[in-house]
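After the sequence you'll find the predicted model.
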Amino acid sequence: MSVGNTRAVVATEVNLGDAHRYAGELEKAESYYREALDDARSGHPELVDFALQHPAKHLMELGDLSSARAHLQEASRLRIAKGDMELIESTQAALDRVDRSATVLIGPDGYTECELVSGDCLVFDGAFTPHGRTPLGAGESVLLVSFGFRALGAPS
């Protein structure tokens, strides 16, 4: 897209990226996000922070936390320079989400995050299959594997 009001084109590309992301069309979403960022960088530097924030959420959902963090850190730097507290807080909230950990259960209705802090535990009855598969058959069991990670540079 490169005709007419080019500022509106950047916003439209981001919105189309979001729409395709919500529809599960990830390749199309990535393409629109990439176009929006390229167009913002080349013609509307005041929109780069906006064009970074939305694909960062997409990258978070894909589990690419390193790339999401890089996008959000750049957006944060730009938003701090703008001095818009609402935008700064929005980006900081997204960065906080990248840097925190959660236990995620996958069920038939999608993902359920359980925020656990040191000393918390999660108890579930494996017969109810929080992992989203069919009910357990005779002799089957569920093994819960839990990993704990700390982001590099995060306070311990």
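Nice, I can see it.

Kindly tell me how buried residue 60 is, as a neighbour count.
Using other Cβ atoms under 10 Å, the number of residues around residue 60 comes to 18. (Each C-beta comes from the backbone N, C-alpha and C, glycine too.)

what do you get for residue 73?
With neighbours defined by other Cβ under 10 Å, the count for residue 73 comes to 15.

From the contact counts, what lies against the one helix or strand it maps to?
Using DSSP states H and E, residue 73 maps to helix 65-82. Here helix 65-82 touches helix 48-62, helix 85-99, going by 3 or more Cβ pairs under 8 Å, 6 or more residues apart in numbering; DSSP states H and E.

Quickly compare those helices and say which is most buried.
For the helices and strands packed on helix 65-82, ranked by mean neighbour count under the definition mean count of other Cβ atoms under 10 Å, the leader is helix 48-62 at a mean of 21.

Show me what that one is packed up against.
Using 3+ Cβ pairs under 8 Å, 6+ apart, the elements in contact with helix 48-62 are helix 6-22, helix 26-43, helix 65-82, helix 85-99.

a markdown table for these, including mean pLDDT and distance to residue 55?
Compiled in a markdown table, those are given as follows (pLDDT from 0 to 100; distance: least, Cβ to Cβ, whole Å):
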| stretch | mean pLDDT | distance to residue 55 |
| --- | --- | --- |
| helix 6-22 | 92 | 7 |
| helix 26-43 | 95 | 4 |
| helix 65-82 | 93 | 6 |
| helix 85-99 | 88 | 11 |
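
Okay then, goodbye and thanks.
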